[in-house]
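In: I'd like to go over a predicted model; first the sequence, then the structure.
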Amino acid sequence: MTAQNYLLHALEILINDHKEIYTKIFLEILYKFYHENIIEENTFIIRYQQPSKCYTDEKIQKMVDEFIQWLNKSDDEDETESESEVIYLVLMNIFNDVRRY
C-alpha cells in the first residue's frame, strides 16, 4: 500500500468515526487532495473504482462516486488553464470557509 493509499484510508476512518462533522466537507477534502497533487488521480480511481466496504453511509459513498465521475469526466474534456484556475480558486475558498468552522 502506498503512502497515498494510507492517507485515503486514514481519511476514511476519520470520516466514519466522525460522520456528523466530516461528511459535510469530505468531497471538498478529496478535491483539495487532487488539486494540491497530494494524491494522484490514478490512486483515487484504483481505490474507488468499486464501492468501498469502508463506508456504511450511503451519503459518503455517493460523494465518492460523484468525485470519481468528475475525475473521469475531466479526463474526457479538455479544460483550458483559466477554467482550471477558476475551479481551483472556488474550491480553495470553500475549503478555507469550512476550515474556519
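Out: That came in fine, so what should we check first?

In: For stretch 69-85, the averaged confidence score.
Out: Averaging pLDDT along stretch 69-85 yields 67.

In: Does anything pack onto the helix or strand where residue 29 lies? Which helices or strands?
Out: Using DSSP states H and E, residue 29 falls within helix 26-35. Helices and strands touching helix 26-35, by 3 or more C-beta pairs under 8 Å, 6 or more residues apart in numbering; DSSP states H and E, are helix 3-17, helix 41-48, helix 58-76, helix 81-100. Using the backbone N, CA and C atoms, a C-beta is placed for each residue, glycine as well.

In: residues in contact with it?
Out: 7, 11, 15, 22, 38-39, 41, 44, 60, 63-64, 66-67, 71, 87-88, 91-92, 94-95, 98 (C-beta atoms under 8 Å, 6 or more residues apart in numbering).

In: so where's this structure shaky on pLDDT?
Out: Residues of the chain meeting the criterion pLDDT under 70: 1, 50-57, 75-86, 99-101.

In: Just send the helices and strands packed on helix 26-35 back as TSV, with distance to residue 29 too.
Out: TSV is the format used below for the helices and strands packed on helix 26-35 (distance: least, C-beta to C-beta, whole Å):
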stretch	distance to residue 29
helix 3-17	7
helix 41-48	12
helix 58-76	10
helix 81-100	8
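
In: Show me which of the contacts of helix 26-35 are buried.
Out: Buried members of the contacts of helix 26-35, scored by 16 or more other C-beta atoms under 10 Å, are 11, 15, 22, 39, 44, 60, 63, 64, 67, 71, 91, 95.

In: Could you find the residue nearest the spatial middle of the chain?
Out: Among the residues of the chain, the one closest to the centroid is residue 30, at 1.7 Å (C-alpha atoms, centre = their mean).

In: Please report the distance of it from residue 96.
Out: Applying C-beta to C-beta, to the nearest Å, the value for residue 30 to residue 96 is 16 Å.

In: Check residue 65 too.
Out: Taking C-beta to C-beta, one finds residue 65 at 26 Å from residue 96.

In: For those two, indicate the residue with more neighbours.
Out: For residue 65 and residue 96, the more surrounded residue by other C-beta atoms under 10 Å is residue 65, and the numbers stand at 13 against 9.
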